[in-house]
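J.: sequence and predicted structure below; questions after.
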Amino acid sequence: MAWLKKTLLASDASFKILISPTPLIGPDSDSKTDNHTNVGGFQYEAAEFFKWSRENGLLKKGFYIICGDRHWQYQSIHPSGFEEFSCGALVDANAFRGIKPGDKKSTDPDAKIKQPFISPEPSGGFLEVVITPDHDDQTATATFNFRDELGTLLFAAAKQGRH
């Protein structure tokens, strides 16, 4: 954790992307205990990391989270403003319907998390991230493209970097 914090603070990159094996935002099922969204898992550690991240201005420094270990694709926005993109299952056979904010059996029963995208149907696929660097008067962009298992674009979220 000390290395991660030091590296994030020292970076002058337009985007800082944390790739995590588990979600920090979710939501997820309230019966699980294996990730950073779960009360019986590592929710305390996630809350402490978000607190530190807010205090150190990462929201304004192009910081985003990509997570695996999900069987559905989504973009979630934490109440503090941090964003997480889930790559989902690679193939349809391993995909299932995701847990949405507000689900009473979720880690977000009060729907505090905003979700601009969640796979409408169980679908395999992948998350493609395209970084366009600063150039002349153009600000760097990071585009998070959700694609189905055949590569068809399902949803895109473009983020502006610092210029």
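T.: Yes, it's here.

J.: show me where the protein has its strands.
T.: 16-20, 63-67, 74-77, 83-86, 114-118, 125-132, 141-148, 153-160 (DSSP state E).

J.: return the set of buried residues in the fourth one.
T.: Of the residues in strand 83-86, Glu83, Glu84, Phe85, Ser86 count as buried by neighbour count, 16 or more other CB atoms under 10 Å. The C-beta positions use only the backbone N, C-alpha and C, and glycine is treated the same way.

J.: what residues are up against the residue nearest to the last one when sequence neighbours are not counted?
T.: Once its chain neighbours are removed from consideration, Ser86 has its nearest residue in Arg70; the separation is 4.1 Å (CB to CB, 6 or more residues apart in numbering). Under the criterion of CB atoms under 8 Å, 6 or more residues apart in numbering, the contact list for Arg70 reads Pro23, Ser86, Cys87, Gly88, Ala89, Gly98.

J.: can you pick out the most distant pair from those residues?
T.: Pro23 and Ala89 (14.0 Å; CB to CB).

J.: low pLDDT regions in this structure?
T.: 162-163 (pLDDT under 70).

J.: can you give me the helices in it?
T.: Counting by DSSP state H, one finds helices in the chain at the ranges 2-10, 43-55.

J.: of those helices, which is nearest Glu149?
T.: Closest among those, using CB to CB: helix 43-55, at 29.4 Å.

J.: and for that closest one, what's in contact with it?
T.: 1, 5, 8, 24-25, 36-37, 59, 63, 78, 80, 82, 107.

J.: against Met1, how distant is the closest residue to Ala158 other than its chain neighbours?
T.: Closest residue to Ala158 apart from its sequence neighbours, by CB to CB, 6+ apart: Thr143 at 4.6 Å. From Thr143 across to Met1, the span is 29 Å (CB to CB, to the nearest Å).

J.: neighbour-wise, which of those two wins?
T.: Thr143 (13 against 9; other CB atoms under 10 Å).

J.: re earlier: quick check, nearest of the buried residues of strand 83-86 to Ser14?
T.: Closest to Ser14, out of all of the buried residues of strand 83-86 and judged by CB to CB, is Glu83, at 15.3 Å.

J.: bridge partners for the residue nearest the centre of the chain, pull those for me.
T.: Ranked by distance to the mean C-alpha position of the chain (CA atoms, centre = their mean), the top residue is Glu84 at 1.3 Å. Glu84 has these beta-bridge partners by DSSP bridges: Ile65, Ser76.
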